[in-house]
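In: just to be clear, the model below is a prediction. Sequence and coordinates:
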Amino acid sequence: MAAPGDSPPAVSFESCRGDLMAWATTHDVPHSVAQAQLGDLQPDAEVLAATQNQGEFIRPIWDYIEASVTPARIETGQRKLAELATPLAAIEAQYGVDRYTLVAFWGVESSYGAVLDNSAVVRPVVRALATLSCGDPSRSSYWRDELTAALQIIARGEAPLDRMPGGLTGSWAGAMGHTQFMPSVYQRYAVDFDGDGKRDIWTSAPDALASTANYLRDHGWRSGEGWGYEVVLPDGFEAALADETTPRSLAAWRDLGVRLTRDRPIPDEAATATLILPAGIRGPAFLLRPNFSAILRYNTALAYALTVALLSDRLRGDPGLSRDWPRGDRPLTGDERRDLQTRLSERGYATGGVDGKIGPKTRAALRAYQGSQGLPADGYADAALLDRIRAAP
């Protein structure tokens with residue numbers, strides 16, 4: 001793989017580009033479209049660099065959340081809720097996904113469409129996906145298939161290219177439209193909700209929002225249920241119970257001393273939820289209902305899913321979090337996160353790989369290590385824990 005920020009070697013990219021054209025033309029892409037889109041294409045070095053700098057994995061979770069859950073984004077989102085009240089009501093009725101969640105996705109993904117007009121952010125989708133197909137060997141087949149799907153969309157005339165200077169545009173990873181669908185996701189879940197005969201997620205907010213609702217419903221969204229709740233833990237709470245995977249009834253959590261913030265009543269004692277501590281025992285705690293898993297299917301990063309969830313609450317008019325984040329903690333650098341994963345793996349704690357991303361498997365490894373050391377097993381990776389592991393024989 002090319003080093004972050006470097007272009008793939010020209011000969012290598014040229015050869016790979018030829019392979020991509022051959023693949024596409026055997027998968028429902030006319031040769032003329034493949035030639036026009038790929039024939040003289042050059043790689044985008046900034047795209048490869050972006051693979052190493054995904055904010056949802058490398059920034060402190062509070063920084064990531066607060067970059068999206070801002071007063072301006074809340075105000076704009078509430079205005080969009082009023083402007084699109086009629087189509088949002090119809091989308092809710094048809095798909096069972098509430099309008100606040102849908103508009104939260106919209107706000108997080110594209111700032112309610114504002115990003116789509118930002119030439120400093122959007123990129124040609126075909127160029128981005130071709131660069132990734134040739135420059136990211138760990139996921140080359142995934143990127144190749146997404147590139148093929150993008151070419152099929154172009155060939156079928158589904159994208160409004162006349163209104164998109166520079167051709168089909170999207171994110172550095174090829175995600176497109178108001179709610180940032182990958183090309184294959186567009187093919188499977190995009191819908192024509194405004195009735196103009198096109199599945200237009202680029203210029204039609206109703207189409208994009210309904211398409212997102214269609215995706216969430218197919219991935220297990222439960223109508224009438226929320227994503228979960230911020231909760232207050234009792235003194236001396238056993239942090240290992242917050243393992244992200246063990247569901248308990250809300251009544252069982254209550255019996256363990258867990259209560260909803262601001263003394264809100266438990267809505268359904270038989271409903272189940274899992275407990276998470278995204279920043280450890282000293283930060284906010286959340287009970288997650290099954291709908292949170294549907295949000296995670298959109299983007300598997302916990303920071304991303306929690307951002308959508310918390311923005312949806314603010315759009316409803318709920319106040320902010322009752323407990324602050326441990327802002328005094330120094331976040332780990334990418335090298336430090338990889339070092340942490342390496343040292344845990346060497347001690348027999350499976351992290352799921354050394355990639356510098358603190359995901360569910362690494363948090364499980366952290367909890368196991370912390371428990372073996374008599375520490376609160378909250379799965380939180382901070383500088384103090386890394387120093388402890390480094391100092392251990």
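Out: Thanks, I have it. Just so you know, these numbers come straight off a predicted model, no measurement behind them. Numbering: from 1, shown residues only.

In: looking at the protein, which helix or strand does the model trust least?
Out: helix 55-58 (a mean of 57; mean pLDDT, DSSP states H and E).

In: right, and the helix or strand after that helix?
Out: Moving toward the C-terminus from helix 55-58, the next helix or strand (DSSP states H and E) is helix 61-68.

In: keeping just the C-alphas, turn that following helix into PDB.
Out: What follows is helix 61-68, C-alpha atoms only, in PDB (Å, rounded to 0.1, in the frame of the first residue of the first chain):
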ATOM      1  CA  ILE A  61     -15.200  11.200  21.300                       C
ATOM      2  CA  TRP A  62     -16.400  14.500  22.900                       C
ATOM      3  CA  ASP A  63     -14.500  16.500  20.200                       C
ATOM      4  CA  TYR A  64     -16.100  14.400  17.400                       C
ATOM      5  CA  ILE A  65     -19.600  14.700  18.900                       C
ATOM      6  CA  GLU A  66     -19.400  18.400  19.600                       C
ATOM      7  CA  ALA A  67     -18.200  19.200  16.100                       C
ATOM      8  CA  SER A  68     -21.600  18.100  14.900                       C
END
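
In: would you map the strands across this structure?
Out: Taking DSSP state E, the strands of the chain run over residues 123-124, 169-170, 228-232, 248-249, 259-260, 272-276, 285-288.

In: what is the burial count for residue 270?
Out: 9 (other CB atoms under 10 Å). No exception for glycine: its C-beta is placed from N, CA and C like everyone else's.

In: do the one 5 residues further on as well
Out: The number of residues packed near residue 275 is 24, by other CB under 10 Å.

In: how near is the spatially most central residue of the chain to residue 78?
Out: The residue lying closest to the centre of the chain (CA atoms, centre = their mean) is residue 299, at 2.7 Å. Separation of residue 299 from residue 78 (CB to CB, to the nearest Å) stands at 23 Å.

In: for residue 64, same thing?
Out: 22 Å.

In: these two: who's more crowded?
Out: Remark: of residue 64 and residue 78, residue 64 carries more neighbours, 20 against 16, as counted by other CB under 10 Å.

In: the more buried one: what's its closest spatial neighbour, skipping adjacent residues?
Out: Leaving aside its chain neighbours, residue 64 sits nearest to residue 303 (4.4 Å; criterion: CB to CB, 6 or more residues apart in numbering).

In: can you count the residues close to residue 337?
Out: Residue 337: 22 neighbours (other CB under 10 Å).

In: confidence score at the nearest residue in space to it that is not next to it in sequence?
Out: Nearest residue to residue 337, sequence neighbours excluded (CB to CB, 6+ apart): residue 356, at 4.4 Å. For residue 356, the model assigns a pLDDT of 89.

In: tell me how many other residues crowd residue 356.
Out: Residue 356 has 20 neighbouring residues, counting by other CB under 10 Å.

In: one step back: with distance to residue 383 as added columns, please give the strands of the chain in TSV.
Out: Formatted as TSV, those follow (distance: least, CB to CB, whole Å):
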stretch	distance to residue 383
strand 123-124	35
strand 169-170	36
strand 228-232	26
strand 248-249	32
strand 259-260	31
strand 272-276	21
strand 285-288	22
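
In: nearest to residue 333, out of the ones you listed?
Out: strand 272-276 (23.8 Å; CB to CB).

In: okay, the closest one in PDB with CA atoms only?
Out: Taking Å, rounded to 0.1, in the frame of the first residue of the first chain, the C-alpha atoms of strand 272-276 are listed here in PDB:
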ATOM      1  CA  THR A 272     -33.900  -4.600  26.900                       C
ATOM      2  CA  ALA A 273     -30.800  -2.400  26.600                       C
ATOM      3  CA  THR A 274     -27.000  -2.700  26.800                       C
ATOM      4  CA  LEU A 275     -24.800  -0.300  28.800                       C
ATOM      5  CA  ILE A 276     -21.800   1.600  27.400                       C
END
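
In: what angle do that strand and strand 228-232 make?
Out: Interaxial angle of strand 272-276 relative to strand 228-232 (axes from the mean of the first three to the mean of the last three CA atoms, to 10 degrees): 60 degrees.

In: can you list the weak-confidence ranges in the stretch 151-300 of the chain?
Out: Within the stretch 151-300 of the chain, not a single segment meets pLDDT under 70.

In: ignore the last one, the stretch 1-150 of the chain
Out: 1-11, 52-58.

In: could you redo the last one with a cut-off of 50?
Out: 1-11 (pLDDT under 50).

In: circling back: ok, the residue nearest to residue 64 to residue 310 distance?
Out: 11 Å.

In: common neighbours of these two, please.
Out: residue 65 (CB atoms under 8 Å, 6 or more residues apart in numbering).

In: what residues are up against the closest residue to residue 264 other than its chain neighbours?
Out: Leaving out its chain neighbours, the residue that sits closest to residue 264 by CB to CB, 6+ apart is residue 229, at 7.6 Å. By CB under 8 Å, 6+ apart, the contact set of residue 229 is 260, 261, 264, 273, 286, 287.

In: same thing but at 7 Å, please
Out: Contacts for residue 229 (CB atoms under 7 Å, 6 or more residues apart in numbering) come out as 260, 286, 287.

In: kindly report the same for residue 144.
Out: Shown in contact with residue 144 (CB under 7 Å, 6+ apart): 20, 23, 133.

In: for residue 121, same thing?
Out: Residue 121 makes contact with residue 115, according to CB under 7 Å, 6+ apart.

In: how much space is there between residue 211 and residue 193?
Out: Residue 211 sits 8 Å away from residue 193, going by CB to CB.

In: quick one, which of the two is more surrounded?
Out: residue 211 (29 against 23).

In: surely that one is in contact with residue 188?
Out: No - with contact defined as CB atoms under 7 Å, residue 211 does not count as touching residue 188 (9.8 Å).

In: what about the closest residue in space to residue 101 that isn't next to it in sequence, how many residues close to it?
Out: Ranked by CB to CB, 6+ apart and with sequence neighbours excluded, the top spatial neighbour of residue 101 is residue 312, at 4.7 Å. Residue 312 has 25 neighbouring residues, counting by other CB under 10 Å.

In: quick check, residue 312 in contact with residue 106.
Out: No - with contact defined as CB under 7 Å, residue 312 does not count as touching residue 106 (10.6 Å).
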